[in-house]
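>>> sequence-free structure coming up:
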């Protein structure tokens, strides 16, 4: 999906500097690359006893092109990033943004109530709120002295 | 990515390196937004992926031939939840481009929509060739 890779975007990457050094070397040695393509979309997972929140970076994807499917403890994100239409006589000088179809599955730490899932899209970030079914929530048990 | 040696409309300067955390407080990291650059005869079109960028903090500056784009991202951290797994984090976006063409700075259009900044930079009309009269003694 991603034709070119460079250390762009706000991916959490402790070895970014190393990769940058590597890419500088690769440029020097003719553009050989050894690192994997970054995933799309990037996902953060937040959890509490009541449920899970999944945030995903989907810049430039209209909400209509996003397909979110929830099954038990799995969230499937699918969609298409439409490439920028190019007219006649244009020159592409740089192409770093990924395009095309994407698909990611996120496995949650517990089952969620698919009926009550809410999805929000704001400024290129998709936020999914996945509450836990009431029956699945942890019960507090009072400990009595014998 | 191979850099074409000739006729590059826009080149990236060494700006946008992740900033080092200061001694005591943890500084927010700076990210380089992935960018597409499309050049036509009349203009340069740029698309920058800046998911979560706050339009209020977005700053586009053209100084001579250096175009600087910066923005701060809005935090996505929900209340009452703890981070379980992370692939991205909040921070600042910054990228600097050196333009090889003269740009009409008054007619730059920039629109931030769905986390993508779209800019159209119209090329300035070329000034007519100037003839320099040579005086001879």
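Looks like it came in fine. Keep in mind it's a predicted model, so treat the numbers as computed, not measured.
>>> ok, the closest residue to residue B:43 other than its chain neighbours - how many residues close by?
If you skip the residues right next to it in sequence, residue B:43 has residue B:122 as its closest partner in space, 4.6 Å away by C-beta to C-beta, 6 or more residues apart in numbering or on different chains. Where C-beta positions appear, they are placed from N, C-alpha and C, glycine not excepted. Taking other C-beta atoms under 10 Å in any protein chain shown as the neighbour definition, residue B:122 ends up with a count of 17.
>>> residues contacting residue B:122?
Listed by C-beta atoms under 8 Å, 6 or more residues apart in numbering or on different chains, the contact set of residue B:122 reads B:42, B:43, B:103, B:104, B:107, B:108.
>>> now do the contacts for the residue of chain A found nearest chain B.
With C-beta to the nearest C-beta, the shortest gap between chain A and chain B falls at residue A:124, namely 1.7 Å. By C-beta under 8 Å, 6+ apart, the contact list for residue A:124 reads A:57-61, B:49-53, B:114-116.
>>> for these, which one is nearest residue A:42?
Distance to residue A:42, by C-beta to C-beta, is smallest for residue A:57 among those, at 4.6 Å.
>>> could you say which helix or strand holds residue A:22?
Per DSSP states H and E: residue A:22 is located in helix A:16-28.
>>> quick one: mean pLDDT for stretch B:118-134?
For stretch B:118-134, the mean per-residue pLDDT is 84.
>>> for that stretch, which positions count as buried?
Buried residues in stretch B:118-134, counted by 16 or more other C-beta atoms under 10 Å in any protein chain shown: B:118, B:119, B:120, B:121, B:122, B:123.
>>> just checking, the third one touches residue B:43?
Yes: taking C-beta atoms under 8 Å as the contact criterion, residue B:120 and residue B:43 are neighbours in contact, 5.3 Å apart.
>>> can you tell me the centre-most residue of chain B?
residue B:69 (3.7 Å; C-alpha atoms, centre = their mean).
>>> quick one: strands adjacent to the helix or strand hosting that one?
Element membership for residue B:69, per DSSP H and E: strand B:66-72. Here strand B:66-72 is paired, per DSSP bridges, with strand B:59-63 (antiparallel), strand B:92-99 (antiparallel).
>>> buried stuff in the longest one?
I take that to be strand B:92-99. Within strand B:92-99, the residues that qualify as buried by neighbour count (16+ other C-beta under 10 Å) are B:92, B:93, B:94, B:95, B:96, B:97, B:99.
>>> for stretch B:48-64, measure first residue to last.
Using C-alpha to C-alpha, to the nearest Å, the gap from the first to the last residue of stretch B:48-64 comes to 21 Å.
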